[in-house]
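> Fold the following.
(chains A and B)
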Amino acid sequence: DAGVIQSPRHEVTEMGQEVTLRCKPISGHDYLFWYRQTMMRGLELLIYFNNNVPIDDSGMPEDRFSAKMPNASFSTLKIQPSEPRDSAVYFCASIAGTGYGYTFGSGTRLTVV
Amino acid sequence: GEDVEQSLFLSVREGDSSVINCTYTDSSSTYLYWYKQEPGAGLQLLTYIFSNMDMKQDQRLTVLLNKKDKHLSLRIADTQTGDSAIYFCAEWVDDYKLSFGAGTTVTVRA
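Reported below is the predicted structural model:
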């Protein structure tokens, strides 16, 4: 099993540009989570999906952020327009079921200049 | 992770034992976890404990759970330089959500 796969690993973009982060969860995992990690705020849950349906997006900071999961093997997190304060590491994680714990991807380090 | 608290830093000498402490607030948490994050990497699940257990041992790792005090600890025996990382405590809160602590940065010195 290749684990949770995220792309790109690093993204540098200019303020105002659209950014799309991608995630492929582990096959068979029904839940997918998007987290953001910063020094100031630690790990923040942005949104999570169950069977491709968004369940809780209360952590999405603004309307500039959107996430989709068109099928069981792919999810995107989009920021449009991006701002310097969006600079962070964005993690995707998936889970098989109760108690197993999340499996995290390696993250995408986003820098908005 | 406002519901999970950890000390921010721990420095330990190579070969000594490390003890990382965590307190949580949700007494109904059924599972508690320890994750390790190395520089530039994602969080890696180290171990977990079910709430009806007091202790769990896995090679050099020992997890102790005190439900009365809502206190969780991770002991690493014979700490090595490769154990330098950030360690996150997390509790299962509801509906498949985990609440994470801020992380404890462990530095192993020679």
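> Quick check: chain neighbours aside, which residue is closest to the residue of chain A most remote from its centre?
Of all residues in chain A, A:G99 has its C-alpha farthest from the mean position, at 21.2 Å, by Cα atoms, centre = their mean. Ranked by Cβ to Cβ, 6 or more residues apart in numbering or on different chains and with sequence neighbours excluded, the top spatial neighbour of A:G99 is B:Y31, at 4.8 Å. To be clear about C-beta, it is placed using only N, CA and C from the backbone, and glycine gets the same treatment.
> The one you found against B:S51, yeah?
Yes: with contact defined as Cβ atoms under 8 Å, B:Y31 and B:S51 form a contacting pair (6.9 Å).
> thinking again about what came up before, how many neighbouring residues does the residue nearest to A:G99 have?
The number of residues packed near B:Y31 is 16, by other Cβ atoms under 10 Å in any protein chain shown.
> Now for the residue farthest from the centre of chain A: which residues touch it?
Going by Cβ atoms under 8 Å, 6 or more residues apart in numbering or on different chains, A:G99 touches B:30-31, B:48, B:50, B:92.
> Could you say which helix or strand holds residue 35?
You didn't say which chain, so I picked chain A. If you go by DSSP states H and E, A:Y35 is part of strand A:31-38.
> not quite, I wanted chain B
Secondary structure from DSSP H and E places B:Y35 in strand B:31-37.
> Quickly run through the sheet partners of that strand, with directions.
Partner strands and pairing direction for strand B:31-37 (DSSP bridges) are strand B:43-50 (antiparallel), strand B:85-94 (antiparallel).
> Including distance to A:F104 and mean pLDDT, could those strands go into TSV?
TSV is the format used below for these (distance: least, Cβ to Cβ, whole Å; pLDDT from 0 to 100):
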stretch	distance to A:F104	mean pLDDT
strand B:43-50	5	93
strand B:85-94	10	91
